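This is a predicted model, with the sequence first.
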Amino acid sequence: MANKHIANRLSPPSLDNNYSRSKSVNKYDGKWKKQWFGAGIFYEGSEEVPVDVFKKIEQRKVLSNLEKAGLLSKAEELGLTLSSIEKLGVFSKAEELGLLSLLEKAASFSPSALASAALPILVAAILAIVLIPDDSAALVAVQAVIAGALGVGAAGLLVGSVVLGGLQEAD
């Protein structure tokens, strides 16, 4: 028994675990020229893995979970019904604006890049609170609006990175 346990620990990891999810690739940069700064002639990139958002939503049974959670009846209590959506023309506007193709493009973003973009935005929100003086009500209002908008943006990026990470997760 002990030898089998040791053999399992010493064996290489299988290909179906999380280590094989990210495929790092070295690419040749044809426009590269020697400079005193910057990256070398090769740069590290990653292969783009296509993500079918709708198939992932179907596999995770999101719609049936919404149904079980009772969110549809809660939305109806708040006045959001199918007829109200129809009257507002939400679906036709979504088609006109190309929101479904935008959703498909957004699903190919890197979750780590979204999370990394949230950090400087969060720092900017904190800096707005610290650097804008509290001398008048107008400055406090400006401080609150700027910090609030940046904070909401950073939170949206963090939540989006978690959701995208879940959708892009290897099965």
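Alright, I've got the coordinates.

I'd say Ala125 and Gly151 touch.
Yes: shown here, Ala125 and Gly151 form a contact pair, counting by C-beta atoms under 8 Å, at 4.6 Å. From N, CA and C alone the C-beta is placed, and that goes for glycine too.

between those two, which one's more packed in?
The neighbour comparison of Ala125 against Gly151 (other C-beta atoms under 10 Å) goes to Ala125, with 20 against 17.

need the contact list for that one.
By C-beta atoms under 8 Å, 6 or more residues apart in numbering, Ala125 lies in contact with Ile146, Ala147, Gly148, Leu150, Gly151, Ala154.

All the helices of the protein, residue numbers only.
Taking DSSP state H, the helices of the chain run over residues 2-10, 53-59, 62-69, 71-77, 82-88, 90-97, 99-106, 111-131, 137-167.

before we move on, back to that, for the contacts of Ala125, which one is nearest Ser112?
Ala154 (15.1 Å; C-beta to C-beta).

quick one, domains of this protein?
As given by automatic domain parsing, the domain ranges for the chain are 32-108, 109-171.

Report the mean per-residue pLDDT for the first one.
Regarding domain 32-108, the rounded mean pLDDT is 76.

and the domains of the chain, which is most packed in?
Neighbour counts (mean count of other C-beta atoms under 10 Å) averaged over each of the domains of the chain peak at domain 109-171, with a mean of 14.

got a pLDDT number for the closest residue to Asp134 other than its chain neighbours?
Of all residues not flanking Asp134 in the chain, Val140 sits nearest, at 5.6 Å (C-beta to C-beta, 6 or more residues apart in numbering). We have a pLDDT of 95 for Val140.

go on, the one 5 residues further on?
Val145 is assigned 96 on the pLDDT scale.

Also Ser14?
pLDDT, read off for Ser14, is 46.

and what of Ala118?
92.

wait, doesn't it sit right on Leu158?
Yes: shown here, Ala118 and Leu158 form a contact pair, counting by C-beta under 8 Å, at 4.8 Å.

excluding its backbone neighbours, what's nearest Thr81?
Ala75 (7.9 Å).

ok, now how distant is the one you found from Ala113?
To Ala113, Ala75 is 32 Å away according to C-beta to C-beta, to the nearest Å.

again, but for Ala125
19 Å.

and what of Gly156?
Taking C-beta to C-beta as the criterion, Gly156 is separated from Ala113 by 14 Å.

Glu96 now?
29 Å.
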